[in-house]
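A.B. asks: generate a structure from the sequence data that follows.
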Amino acid sequence: MSATSRQLTLASRPNGAPNEKNFELKTVELPALKDGEVLLRTIYLSLDPYMRGRMSDAKSYADPVNIGDVMVGATVCQVEESKNDKFNEGEWVLAYTGWQDYAITDGEGLMQLGKEPANPSYALGIMGMPGFTAYMGLLDIGQPKEGETVVVAAATGPVGATVGQIAKIKGCKVVGVAGGSEKCAHAVEKLGFDACIDHKADDFEEQLEKACDKGIDVYYENVGGKVFDAVLPLLNTAARVPLCGLVSQYNATSLPEGPDRLGMLMGQLLTKRIKMQGFIIFDDYGDRYDEFAQDMQKWLQDGKIQYREHMVEGIENTVDAFNDMISGKNFGKTVVKINNPL
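C.D. replies: Below is the predicted model:
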């Protein structure tokens with residue numbers, strides 16, 4: 001076994017975008033395994049927008065990471081050494097061991113992925129939290145019906161790309177919103193969206209309105225900010241808005257300038273009978289994972305869902321990769337390869 005492990009710990013709370021000074025990369029000695037424990041070698045680390053909230057001490061649905069603690073995150077690991085009868089050396093597991101090389105655990109909460117999974121990192125994306133989030137948010141809150149128009153922001157990210165493809169499976173017209181012509185082309189040509197609008201375009205609002213000529217029945221919200229401003233007037237009566245994320249404001253240190261638009265929003269919600277609902281995937285839907293997994297595995301096997309990863313190598317590049325994801329510079333599901341497989 002390795003005698004040491006590199007860990008990225010939270011050194012200070014970021015003000016705005018995180019930087020290298022907010023983290024400390026340190027090397028720690030690993031104790032010998034006790035009976036019942038397993039040593040996990042991190043192969044892949046998932047980077048997700050929710051992590052920005054854990055770096056802050058603002059009140060939220062989950063406790064913040066304490067200063068000095070390893071930054072949290074889902075991981076796909078291999079069992080390097082085991083003193084637990086339930087886990088064999090070399091097998092793959094889905095864990096929540098965070099930004100570090102190795103972790104020692106008693107096996108509680110690990111999901112076994114087998115000896116030779118075809119795409120082990122998929123457990124962090126299309127078959128994991130992002131895919132599950134897309135599925136439940138769209139189908140349970142959005143409830144898309146055949147022929148309706150579904151708009152999704154961050155359309156080529158791991159959640160948005162999946163939302164749009166499920167909506168197509170359900171017979172909807174799908175309009176994505178993404179940053180840049182390359183991402184928009186990917187959404188249409190590879191993911192099968194009917195249209196994808198570049199939110200950086202000067203005439204973004206006009207393009208969105210033209211693409212949504214019958215209004216918007218479901219808007220899957222990942223971004224907030226100016227994208228939601230453009231969507232709001234286009235929402236139809238009885239529209240549904242699953243509220244998954246607001247990535248445009250995660251690094252904000254104050255409210256945006258301009259008039260208070262809360263009254264306008266409340267008026268639209270009332271007069272158009274719009275349903276807007278936030279959700280936390282495992283808190284609200286944890287008991288329905290099997291339902292998702294069954295559908296998603298079949299769609300992947302049938303070629304109905306395309307999936308793209310944005311792979312970064314090396315734990316030392318984690319902070320930069322996280323910031324790139326928050327600012328939309330990634331393309332697909334951001335995963336950091338921490339170590340080579342055994």
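A.B. asks: where does pLDDT dip in the stretch 201-342 of the chain?
C.D. replies: Low-confidence segments of the stretch 201-342 of the chain, defined by pLDDT under 70: 248, 250-253, 255.
A.B. asks: which parts of the stretch 201-342 of the chain are strands?
C.D. replies: Using DSSP state E, counting those that start in this stretch, the strands found in the stretch 201-342 of the chain span residues 216-220, 235-243, 275-278, 309-313, 333-337.
A.B. asks: list the contacts of residue 138.
C.D. replies: The contact partners of residue 138, taken as CB atoms under 8 Å, 6 or more residues apart in numbering, are 144, 150, 163, 166-167, 218, 220, 242. Just so you know, the C-beta spots here come from the backbone N, C-alpha and C atoms, and that holds for glycine as well.
A.B. asks: kindly indicate which of the residues you listed lies nearest residue 175.
C.D. replies: Closest approach to residue 175 among those (CB to CB): residue 150, at 7.4 Å.
A.B. asks: just confirm that closest one contacts residue 217, I think it does.
C.D. replies: Yes. At 6.8 Å, residue 150 and residue 217 qualify as touching, with contact defined as CB atoms under 8 Å.
A.B. asks: between the two, who's got more neighbours?
C.D. replies: Neighbour totals were compared for residue 150 and residue 217, and residue 150 leads with 28 against 23 (other CB atoms under 10 Å).
A.B. asks: re the thing from before, list residues touching both of residue 150 and residue 217?
C.D. replies: 144, 172.
A.B. asks: OK, contacts around the residue located most distally from the centre of the chain?
C.D. replies: For the chain, the residue at maximal distance from the C-alpha centroid (CA atoms, centre = their mean) is residue 35, at 35.3 Å. Applying CB under 8 Å, 6+ apart to residue 35 gives the contacts residue 83.
A.B. asks: mind checking the SS state of it?
C.D. replies: coil (DSSP: H, G, I helix; E, B strand; the rest coil).
A.B. asks: including distance to residue 67, could the strands of the stretch 201-342 of the chain go into JSON lines?
C.D. replies: JSON lines is the format used below for the strands of the stretch 201-342 of the chain (distance: least, CB to CB, whole Å):
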{"stretch": "strand 216-220", "distance to residue 67": "35"}
{"stretch": "strand 235-243", "distance to residue 67": "30"}
{"stretch": "strand 275-278", "distance to residue 67": "28"}
{"stretch": "strand 309-313", "distance to residue 67": "25"}
{"stretch": "strand 333-337", "distance to residue 67": "22"}
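A.B. asks: so of those strands, which one's packed in deepest?
C.D. replies: Mean neighbour count (mean count of other CB atoms under 10 Å) peaks for strand 216-220 among the strands of the stretch 201-342 of the chain, with a mean of 27.
A.B. asks: can you tell me what sits against stretch 308-323?
C.D. replies: 6, 8, 17-20, 22-23, 25, 45, 47, 51, 99-101, 121, 125, 156, 161, 186, 190, 325, 330-338.
A.B. asks: and these, which of them are buried?
C.D. replies: 6, 8, 18, 22-23, 25, 45, 47, 51, 99-101, 121, 125, 156, 161, 186, 325, 330-338 (16 or more other CB atoms under 10 Å).
A.B. asks: ends of stretch 327-336, what's the gap?
C.D. replies: 17 Å (CA to CA, to the nearest Å).
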